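**Student:** Curious how this folds, go ahead:
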Amino acid sequence: MNTKKVIKDIGIVTVLLALRSVVGFIRDVVMASRFALDYTMDAFNIASKVPLTIANLLVMGVFTAVFLPIFTRYIIENKKEELNKLVGILFIIITIGFTVLIILAEIFARPFIMYVLTNNATAETVDEAIVLFRLMMPAVLLMAWSGLASGIHNSFQRFTMPAVGNLLFNIWMVLPAWIFPHSWGIRGFAIGVCIGALFQLLVQLPGLFGKHMKLEINFNMRHPALMGIGSLVIPVLLSSSINYLVPFVETFLASGIANGAVSALAYAFRISQLPLSIFVLAVSSVVYPLFAEAVAKNNPEALKSNIQWGLKLVVMIIIPAGFGLLALSHPIVMMLFQRGKFGIVDTVMTSAPLAFYGLAIIPMAIEAVLVKVFYSISDTKTPVKIYLSNLIMLVILDIVFVKMGLGVVGLALGATICAFVRILIVIIAMRKKIGIFGLSGLMVSIIKSTVASIVMSIVAYLIAIRANYVVNLGSNFGRSLQVGFAIVVGVVVYAVVLYIIDRKEINQMLVVFKRRGQSA
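**Tutor:** Residues are numbered from 1 along each chain as shown. This next block holds a predicted model:
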C-alpha cells in the first residue's frame, strides 16, 4: 500500500470514528434524559461492561492485531487455499467457543453480577442488571464473527467497512430505545446492542467472500498457523485486557457508593475520551507507520525524530483539551445531559470526576504514542508489565480514596494519579530501550503548551460563568452558546499565547507537517 493511500485510509477511518463518537454522545444524551442516574441506568452500565468490553477487545483490537499478520503472509505468498482453510477453522473455533461462553453466562448471570460486577448494589439494581446482561450476551457471538471479518478486510487493505460497522453498531444501539421509549425502556438499549452487533457484521459481508476468499468449513485443528495465532493471542489479549479492567474496577467500587455513581463515572469518562478517540488516534495512526519504517530500516535517528515530532504535535492538541475539560466540566455536562430526569444534582455528580479525567487524558495521549514505539520494536512484554503494576496501584488508591469518603471524585482522582505515574514509567522504559529521544525538547513544549492552556482555561472559565448575564442557561440553546463561545474564544487565546511564546517551534512544526503531507 502506498503512503498516499495509507493517509487517505487513516482520514476515512478517523472521520468514521468521529461520527461514531458523536452518535455515542447522542446515545448518552438520550439515556441521561430518559433515565438520569437512577438504578436502571446503573444496571445497564453494570450489565453492558462484559459484552461491550468484548466488542472493543475483539472487533477493534485483538482479532485484527493477531489475524492480520498471519492472513497477510498467506496473501503475499499467494496461498489462498490455505487462507480459506484457516478462516474456516477459526470460524468453527470462534463459534463453538463463544456459544459455550454465552450459555455459561446465561446460566451463571446472577452470581456473576452479584459477586463480580457489583459491590453492595441495591437488590433492584442487581435484578435489572441480570435481565439486561442476559439480553445482551448473545451479541457477543456476532461481535466475534465481526472481529474475524475485520481481520480479513484489513488483511486485504480494506478499512472502510469495518469502520462503518462500528458506526452502525452505535447507531442501532440507541434507535430501538429512541423509537419505543415507553414500551421497552432501558431494555431497548440492551436489545439495540444485539441489533447493532448484527448490522456490524452484515455490513462487512459484501465483498468479504468472492474471488479472493471462500469460507471452507473444516475441523482440522492441526493447521500450522494455529500455533502462531495461539502464541500471539495471549500477550496481545493480556495487554489489551489490563486496560479494560480499569472500568470494571471502578464500576465495582462505584456500585457501593450511591445510586447513580456508576453512571456518573461512566458519563464523565466517556466525555474525557472524546479528544483521545479522535485527535490522538489520528496522530498515532499517522506516526505508527513512520516508527515501523524507521525500525525496519535500522535508522534509530529517524525513529527518535519521528517520536519527537509526534509527541510535540500530540501535546499541542491534548494539553489545551485537558485544561478545557477541567475549566468547563460543569457547563459541558449541563449542556450535554441536563434535561428530562437528569437534574442539577446529577450534573454536579458527573462534572466533578470529569475535571480530574480531563487532566488524566494528557499523560494518556503521550502514552498512546509511546506504546506504538514499543510495538514497532517488537516489545509487547514491557507494556504488559507496566499496565499490570499500574492496575494494582489503581485498585489500592481507589479503595483508599473511597474509604476516605471521596466517592466518585476519589475514583477519578485515583485514575488520574495512576495515569501520570504510568507515563513516567513508560518514558523511563522507553529511554532504556532506545536511549535519549529528545525529552528535554518535549518538556519545553509541554511547559509552553501548559502555560498557554492555563491562560486559555482561565478565559474560558470566566466566559462560562458570566454567560448567565447574556444568555438563558435554562435552555439547551443557551447552554450550547455558553460552551461553544467559551471554547471558540479559548482556542483563539490558546493559539495566540502559544504563538507568542513558541513562534519558532510552531513554524517548524508546520513546515515539517507540510513536507510530510507533500511526500505522501
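**Student:** Measure how buried Val470 is and give me the count.
**Tutor:** Other residues lying near Val470 total 12 when counted by other CB atoms under 10 Å. All C-beta atoms are positioned from the backbone trio N, CA, C, and that covers glycine.
**Student:** which residues sit in contact with it?
**Tutor:** Contact partners of Val470, counting by CB atoms under 8 Å, 6 or more residues apart in numbering, are absent.
**Student:** Next one, pLDDT for it please.
**Tutor:** At Val470, the model reports a pLDDT of 78.
**Student:** What is the longest helix of this structure by residue count?
**Tutor:** Using DSSP state H, we find that the single longest helix of the chain is helix 300-337.
**Student:** could you say what helices and strands it packs with?
**Tutor:** The contact analysis (3 or more CB pairs under 8 Å, 6 or more residues apart in numbering; DSSP states H and E) places helix 300-337 against helix 3-35, helix 261-275, helix 281-296, helix 344-376, helix 407-434, helix 439-466, helix 476-501, helix 503-519.
**Student:** buried residues in that helix?
**Tutor:** Residues 303-337 are the ones in helix 300-337 that count as buried (16 or more other CB atoms under 10 Å).
**Student:** thinking again about what came up before, and Leu90, which of the helices and strands packed on helix 300-337 is closest to it?
**Tutor:** Among those, helix 344-376 comes nearest to Leu90, with 22.7 Å by CB to CB.
**Student:** List the buried residues of that closest one.
**Tutor:** 346-347, 349-376.
**Student:** Pull the contacting residues for Val348.
**Tutor:** For Val348, the contacting residues are His330, by CB under 8 Å, 6+ apart.
**Student:** Report the separation between the residue lying farthest from the centre of the chain and Leu413.
**Tutor:** Distance to the chain centre peaks in the chain at Tyr469, reaching 37.4 Å (criterion: CA atoms, centre = their mean). According to CB to CB, to the nearest Å, Tyr469 and Leu413 sit 33 Å apart.
**Student:** Mind checking which residue lies nearest the centre of the protein?
**Tutor:** Centroid-nearest residue in the chain, with CA atoms, centre = their mean: Ser277, separated by 5.8 Å.
**Student:** Where does it sit: helix, strand or coil?
**Tutor:** helix (DSSP: H, G, I helix; E, B strand; the rest coil).
**Student:** tell me the contacts of it?
**Tutor:** Going by CB under 8 Å, 6+ apart, Ser277 touches 17, 21.
**Student:** what angle do the longest helix of the chain and helix 407-434 make?
**Tutor:** Comparing the axes of helix 300-337 and helix 407-434 via axes from the mean of the first three to the mean of the last three CA atoms, to 10 degrees yields an angle of 170 degrees.
**Student:** what's the spacing between helix 300-337 and its chain's center?
**Tutor:** Helix 300-337 has its C-alpha centroid displaced from the chain centroid by 15 Å (CA atoms, centre = their mean, to the nearest Å).
**Student:** same thing with stretch 200-212?
**Tutor:** With CA atoms, centre = their mean as the basis, stretch 200-212 stands 26 Å off its chain's centre.
**Student:** Please apply the same query to stretch 332-350.
**Tutor:** How far stretch 332-350 lies from its chain's middle: 23 Å, per CA atoms, centre = their mean.
**Student:** same question, stretch 401-408
**Tutor:** Per CA atoms, centre = their mean, the displacement of stretch 401-408 from the mean C-alpha position of its chain is 26 Å.
**Student:** Deepest-packed of the helices and strands packed on helix 300-337, please.
**Tutor:** Scoring the helices and strands packed on helix 300-337 by mean neighbour count under mean count of other CB atoms under 10 Å gives helix 261-275 as the most buried, with a mean of 25.
**Student:** got the CA positions of that one in PDB?
**Tutor:** Extracted in PDB, the C-alpha atoms of helix 261-275 (Å, rounded to 0.1, in the frame of the first residue of the first chain):
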ATOM      1  CA  ALA A 261     -22.400   6.700  41.000                       C
ATOM      2  CA  VAL A 262     -21.700   4.100  38.300                       C
ATOM      3  CA  SER A 263     -23.500   6.200  35.600                       C
ATOM      4  CA  ALA A 264     -21.900   9.500  36.700                       C
ATOM      5  CA  LEU A 265     -18.400   8.000  36.400                       C
ATOM      6  CA  ALA A 266     -19.300   6.400  33.100                       C
ATOM      7  CA  TYR A 267     -20.600   9.700  31.600                       C
ATOM      8  CA  ALA A 268     -17.500  11.600  32.800                       C
ATOM      9  CA  PHE A 269     -15.100   9.000  31.400                       C
ATOM     10  CA  ARG A 270     -16.800   9.000  28.000                       C
ATOM     11  CA  ILE A 271     -16.700  12.700  27.700                       C
ATOM     12  CA  SER A 272     -13.000  12.800  28.600                       C
ATOM     13  CA  GLN A 273     -12.200  10.100  26.000                       C
ATOM     14  CA  LEU A 274     -13.500  12.200  23.100                       C
ATOM     15  CA  PRO A 275     -10.300  14.100  22.400                       C
END
